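# predicted model follows, preceded by the sequence.
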Amino acid sequence: MRATHSEARGAKTPARRGAALCLIWLGALLFIVAGPAGLSAQAPPAPKPASLVISPHFQVFADFEDADAAVRTSRAFYQGAADFARRQHDTLYLVSQSDLQQAVRTARGYDYRLTNAELATRLGIDSYTKLDVASAATYLESAFETYQELNYGLVDPERVAEVALYLALSYIEQDRTTLKLFDRLQTMTLLDPARRIRPGYYPDDVVRIYDSARESLVTLLRDEGPQTREAAALAEFSDTDFAAFGYAWPTERGTFEATLYVYSQSESRFLPPESIEIADLDPATLRAAGNRLMSRFLPCLIAPPQPTAPASTVVTTNGASPFSLDFGFAYTSFMQYPYQERARTQPWGNYGLSVAGRLQLTHEFSLVLGAQLLNSMRDYAGFVFDDFSIARGFFGGDLGVSVGAFNFGAQLSLEGSSLGSFYACPDINAQCAERADRNFAVRIDNDSLFVGANVRPRIIWNAYRQFSLIASGSASYYFVPLSRRNFNIPLSGQLDVSYRF
């Protein structure tokens, strides 16, 4: 069958329609992804009250014979400060301890990393009890660093303190008297008031090192206060304007001094501390002291903000936005095509670009709008004479479940596709195949828009906060047009890189 000039000109029509469909689909994709982000960027932020987070690790440095008494006094000091801040809800927003714990538990990769840390902890303690202190130190140091990175001290401080203790004991057994040893003992002291190293329970050299580390910690806190780096990290993690820390220690007069420190994130420094002298360490006394000390800071916390330069219209989300954009490679083969039985050829490949936008509505469910722009590979059996383009668009929902750093799920979508026209040889014994001449080939026109359902199982690896890798495979079935569906059942594979705004 010889192609005429009008046929050749008409062959461009489906290709143009496919290109137009792809452009419309991509335009809608960019509008959905960028539109809400742009609106949120242009809207000025609403004024909000000052926010405060209170470190749950208040500490009373005194020689308690009863471990429970040490915990009660520290908690009373903390509760006094928190009670006063909580009553100022109209002008001051207090991030609660449960809010902090929830933020830690919902961080990406939390379950997976916590499982590894717990395993390293058990292996480390088991190695220590078997006197393999070198292996114990390796396991416990790995667990301790992971706990610190997860901010797990806000969830289970006793567990982190236990790891710090065993790690310090492992260092002592190896005669490694280093700054790390003192740091681990001081971390244990701050996280767990009930945990002490006392004579009679531990060797004298261990008690001596512990007492030295504890005295050094008290001196450092009394003279310089908490570390600015630690305070800045807590304020940034809780997204608050201020972070408060409280400590109490004995004085030379036989009384005790309770001190409250408040860090200002906007000024990147601590405000001048406030102290009060108390006669004893009764929980009621410490609760009242925490209340009074916090009240002294109230004018500083709720002072009207100074005028600042106009805010930038660019919003920094650090991967917390519900919008994400995927780009990658796609490969598709149609299992059903014209003259399939007569030509006796195998399905050929079509490869190209895939792009998709995602709107995450819940932790498990997202809306997805995507497209593929593909180009054919000339059939090795001689069936396809021309390269032709394919435009595919998808809209649907994605349901998945997270397991550590991975997310397993499936996407169900409505698909609309357009294929360009091309010349093919319907019979391997025909003149077109023998002479490799398209003038004897048949032109296959694809004037219709193919509409059907697409199912796509996929795996997402959350490689970094904002970047993910997505591997997926999909199958579609077209039910429109109702008849003369020359092409059907496309099978696809995709590998994409996803960026969350």
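Perfect, thanks for sending it. Numbering: from 1, shown residues only.
# and the helix or strand that Leu399 is a member of, what does it pack onto?
When elements are defined using DSSP states H and E, Leu399 is found to belong to strand 389-403. Packed against strand 389-403, as judged by 3 or more C-beta pairs under 8 Å, 6 or more residues apart in numbering; DSSP states H and E, are the following elements: helix 12-42, helix 110-129, strand 350-360, strand 365-376, strand 406-419, strand 450-461. In this view, the C-beta of every residue, glycine as well, is placed from N, C-alpha and C.
# ok, Thr240 - how many residues close by?
20 (other C-beta atoms under 10 Å).
# excluding chain neighbours, what is closest to it?
Ser51 (4.0 Å; C-beta to C-beta, 6 or more residues apart in numbering).
# equivalent analysis for Ser354, please.
Excluding its sequence neighbours, the residue lying closest to Ser354 (C-beta to C-beta, 6+ apart) is Ala330, at 3.9 Å.
# model confidence for the residue nearest to the spatial centre of the chain, exactly?
Nearest to the mean C-alpha position of the chain, by C-alpha atoms, centre = their mean, lies Arg108 at 3.7 Å. Looking at Arg108, its pLDDT reads 87.
# phi first, then psi, for the closest residue in space to it that isn't next to it in sequence.
Once flanking residues are discounted, Arg108 sits nearest to Asn462: 5.7 Å by C-beta to C-beta, 6+ apart. For Asn462, the backbone dihedrals are phi -80, psi 90 (criterion: degrees, to the nearest 10).
# please apply the same query to Ser295.
Per-residue torsions, Ser295: phi -60, psi -30 (degrees, to the nearest 10).
# helices or strands up against whichever strand or helix holds Phe334?
Here Phe334, judged by DSSP H and E, is contained in strand 323-336. Counting contacts by 3+ C-beta pairs under 8 Å, 6+ apart, strand 323-336 is packed against helix 12-42, strand 350-360, strand 365-376, strand 467-480, strand 488-500.
# worst mean pLDDT among those?
Looking at the helices and strands packed on strand 323-336, the weakest mean confidence is helix 12-42, a mean of 51.
# what number of residues lie near the closest residue in space to Ala85 that isn't next to it in sequence?
Among residues not flanking Ala85 along the chain, Leu94 sits closest, at 4.6 Å (C-beta to C-beta, 6+ apart). Using other C-beta under 10 Å, Leu94 has 22 neighbouring residues.
# sorry, back to before: I'd assumed the residue nearest to Thr240 was in a strand, is it?
Yes - checked against DSSP: H, G, I helix; E, B strand; the rest coil, Ser51 lies within a strand.
# what about it, how many residues close to it?
Ser51 - counted by other C-beta under 10 Å - has 18 other residues nearby.
# again with the one 4 residues further on
Taking other C-beta under 10 Å as the criterion, the count of residues near Ser55 is 24.
# who's in contact with it?
Going by C-beta atoms under 8 Å, 6 or more residues apart in numbering, Ser55 touches Leu234, Ala243, Ala244, Phe245, Gly246.
# again with Tyr339
Tyr339 neighbours (C-beta under 8 Å, 6+ apart): Phe383, Ala424, Pro426, Asp427, Val442.
# test my guess that Gly416 contacts Ser448.
No - using C-beta atoms under 8 Å, Gly416 makes no contact with Ser448, being 10.9 Å away.
# out of the helices and strands in the protein, which is least certain?
Ranking every helix and strand in the chain by mean pLDDT, DSSP states H and E puts helix 5-10 at the bottom, with a mean of 41.
# what about Ala391, neighbour count?
Neighbour tally, Ala391, other C-beta under 10 Å: 27.
# repeat for Ile209
For Ile209, the count of nearby residues is 21 (other C-beta under 10 Å).
# tell me which element it falls in.
helix 204-224.
# count the neighbours of Gly409 for me.
Each residue near Gly409 was counted by other C-beta under 10 Å, and the total is 18.
# what about it, distance to Ala463?
17 Å (C-beta to C-beta, to the nearest Å).
# Ser354 reaches Leu325, doesn't it?
No - applying C-beta under 8 Å as the test, Ser354 and Leu325 come out as separate, 11.5 Å apart.
# follow-up on the earlier one: list the strands paired with the strand holding Leu399, with their directions.
strand 365-376 (antiparallel), strand 406-419 (antiparallel) (DSSP bridges).
# mind checking how far that strand is from the chain centre?
With C-alpha atoms, centre = their mean, to the nearest Å as the basis, strand 389-403 stands 21 Å off its chain's centre.
# mind listing what's buried in that strand?
Burial within strand 389-403, assessed by neighbour count using 16 or more other C-beta atoms under 10 Å, is assigned to Ser389, Ile390, Ala391, Arg392, Gly393, Phe394, Phe395, Gly396, Asp398, Gly400, Ser402.
# returning to what we had before: more neighbours: which of Ser354 and Leu325?
Ser354 (25 against 18).
# for the more buried one, what are its contacts?
With C-beta under 8 Å, 6+ apart, Ser354 has these contacts: Asp326, Phe327, Gly328, Phe329, Ala330, Gly370, Ala371, Gln372, Gln494, Asp496.
# can you tell me how far the residue nearest to Ala85 is from Thr345?
71 Å.
# and for Asp205?
Taking C-beta to C-beta, one finds Asp205 at 82 Å from Thr345.
# more neighbours: which of the two?
Neighbours per residue, other C-beta under 10 Å: of Asp205 and Thr345, the larger number sits with Thr345, 20 against 11.
# who touches Asp83 in this structure?
Asp83 neighbours (C-beta under 8 Å, 6+ apart): Arg287, Gly290, Asn291.
# which one of those is nearest Arg269?
Gly290 (22.3 Å; C-beta to C-beta).
# Pro49: how many residues sit nearby?
Count around Pro49 with other C-beta under 10 Å applied: 15.
# what of Asn116?
A total of 14 residues lie near Asn116 under the criterion other C-beta under 10 Å.
# quick check: closest non-adjacent residue to it.
Per C-beta to C-beta, 6+ apart, closest to Asn116 is Thr146, 6.5 Å.
# so in terms of bridging, what pairs with the nearest residue to Ser413 once chain neighbours are set aside?
Closest residue in space to Ser413, ignoring its immediate chain neighbours: Gly396 at 2.9 Å, by C-beta to C-beta, 6+ apart. Under DSSP bridges, the beta-bridge partners of Gly396 are Val368, Ser413.
# pLDDT weak spots in the stretch 401-501 of the chain?
In the prediction, the stretch 401-501 of the chain carries residues with pLDDT under 70 at positions 428-438.
# if we can go back for a sec, who touches the strand holding Phe334?
33, 36-37, 347-360, 370, 372, 374, 390, 392, 468, 470, 485, 487-501.
# filter these to the buried ones?
Among those, those buried by neighbour count (16+ other C-beta under 10 Å) are 33, 347-348, 350, 352, 354-360, 370, 372, 374, 390, 392, 468, 470, 485, 487, 489-490, 492-494, 496, 498, 500-501.
# can you read off the pLDDT for Arg378?
For Arg378, the predicted pLDDT is 66.
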